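*Asks:* let me see the structure of the following:
(one chain, ligands or ions: 1)
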Amino acid sequence: MPALGFGTLIPDPVVTMSATRDALEAGFRHFDCAERYGNEHEVGEALQAGAAAGGIAREEIFVTTKLWNSNHRPERVEPAFLASLARLGLDYVDLYLIHTPFAFQAGDDQDPRDQNGNVIYDSGVTLLDTWRALESLVDHGRCRAIGLSDITLDKLLSIYDSARIKPAVVQVESHPYLPETELLEFCKAKGIVLLAFAPLGHGMKPGLLEDPIISSVAARVGKTPAQVLLAWAVQRGTALLTTPKTLARAKENFDISALPQDAFDEITRIQTRQRLNDVVNTGSPGFIPQSKKT
Ligand SMILES: NC(=O)c1ccc[n+]([C@@H]2O[C@H](COP(=O)([O-])OP(=O)(O)OC[C@H]3O[C@@H](n4cnc5c(N)ncnc54)[C@H](OP(=O)(O)O)[C@@H]3O)[C@@H](O)[C@H]2O)c1
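*Replies:* The predicted model follows:
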């Protein structure tokens, strides 16, 4: 799996297509999708057009997509997976993730709520039930690897212990303000890739991009704050997802190089702690635009 991944959580379909093409042109070969993002069709079209224009073969591109919370019941997994494949226009995906460990009421409503506005969860299915259904997708050769997203170490341990096919990847929020060190150490010991989302702190300002330590390292090494944050993520042994929307930013985010050890250590010692995305506690995404909610 290429360490530098392009994330497709982009609300606008036109921007989804142009940003995906730009990412391909800049050199990204790892694309992170999800049925919940509502734009697999646009991502698939952009990948096909970009790959044809650039002479890039399917095998050179690593594509991930994710099973949404309302499809956790085992009988819903294969249909949801096949629908994602069809929207992406692919015969297989390289990686299929359970988007969050929370099962929502099964059905086509991706955001089922009661009259008080509370999420309706589904207590009739366990994460292991869903995992077993993903294992059979691997058995049938339609996805090369499976994993989990928005997962805590506790929940990962219970799946890891029971799984016939072990998780290959866990995708979680991770950056200098949320290093997830314990989870990363476990993943390294077990040969699982930790795939960091929000490596730029979702680009929020004030935030990581303006952190004084990041800014001073950037000035010292002649890179931008974004390049420093992405380099730190790769250097500590994670893969990452970033979502540049223009060709210039895609090139910037792809052009990273190793930090001097003292700069790397200085960033690792940052004490600020902040979780930006509460999805790990509730299954409800914090960064899906309102217009995409059903
Ligand atoms: N599993 C999950 O629950 C989950 C949750 C969230 C995200 N994800 C995945 O992770 C991917 C990455 O999302 P993210 O928000 O973490 O991406 P990110 O790249 O860390 O943050 C995106 C933000 O950073 C800004 N940005 C990008 N490159 C920049 C640069 N070089 N300099 C300054 N600002 C820059 C963008 O600004 P502009 O908009 O102005 O370009 C945007 O506001 C998503 O697309 C999705 O695939 C997964």
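
*Asks:* only C-alpha atoms from now on, for both contacts and neighbour counts.
*Replies:* OK.

*Asks:* the residue nearest to residue 251 when sequence neighbours are not counted - how many residues pack around it?
*Replies:* Leaving aside its sequence neighbours, residue 251 sits nearest to residue 26 (Cα to Cα, 6 or more residues apart in numbering; 5.1 Å). Using other Cα atoms under 10 Å, residue 26 has 18 neighbouring residues.

*Asks:* for residue 12, same thing?
*Replies:* Residue 12, neighbours per other Cα under 10 Å, totals 14.

*Asks:* who's in contact with the residue nearest to residue 251?
*Replies:* 247, 250, 251, 254 (Cα atoms under 8 Å, 6 or more residues apart in numbering).

*Asks:* and what of residue 161?
*Replies:* Counting by Cα under 8 Å, 6+ apart, residue 161 makes contact with nothing.

*Asks:* and it, which of the three is it?
*Replies:* Here residue 161 is helix, with the state taken from DSSP: H, G, I helix; E, B strand; the rest coil.

*Asks:* that one and the ligand: what is the separation?
*Replies:* To the ligand, residue 161 is 22 Å away according to Cα to the nearest ligand atom, to the nearest Å.

*Asks:* what does residue 28 give?
*Replies:* Residue 28 is 13 Å from the ligand, by Cα to the nearest ligand atom.

*Asks:* three-state assignment of that residue?
*Replies:* coil.

*Asks:* which parts of the stretch 1-150 of the chain sit against the ligand?
*Replies:* Within reach of the ligand by Cα under 6 Å from any ligand atom, the stretch 1-150 of the chain has these residues: 7, 8, 9, 32, 33, 99, 149, 150.

*Asks:* what sits against the residue in the stretch 51-200 of the chain that the ligand sits nearest to?
*Replies:* In the stretch 51-200 of the chain, the residue that lies nearest the ligand is residue 198 (2.6 Å; Cα to the nearest ligand atom). Going by Cα under 8 Å, 6+ apart, residue 198 touches 173, 174, 175, 241, 242.

*Asks:* could you dump these to a markdown table with neighbour count?
*Replies:* Below are these laid out as a markdown table (neighbours: other Cα atoms under 10 Å):
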| residue | neighbour count |
| --- | --- |
| 173 | 27 |
| 174 | 25 |
| 175 | 26 |
| 241 | 23 |
| 242 | 26 |
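
*Asks:* and the residues you listed near the ligand, which?
*Replies:* The subset of the contacts of residue 198 within reach of the ligand, by Cα under 6 Å from any ligand atom, is 241, 242.

*Asks:* and the contacts of residue 198 as JSON lines, adding pLDDT?
*Replies:* Below are the contacts of residue 198 laid out as JSON lines (pLDDT from 0 to 100):
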{"residue": "173", "pLDDT": "97"}
{"residue": "174", "pLDDT": "98"}
{"residue": "175", "pLDDT": "98"}
{"residue": "241", "pLDDT": "98"}
{"residue": "242", "pLDDT": "98"}
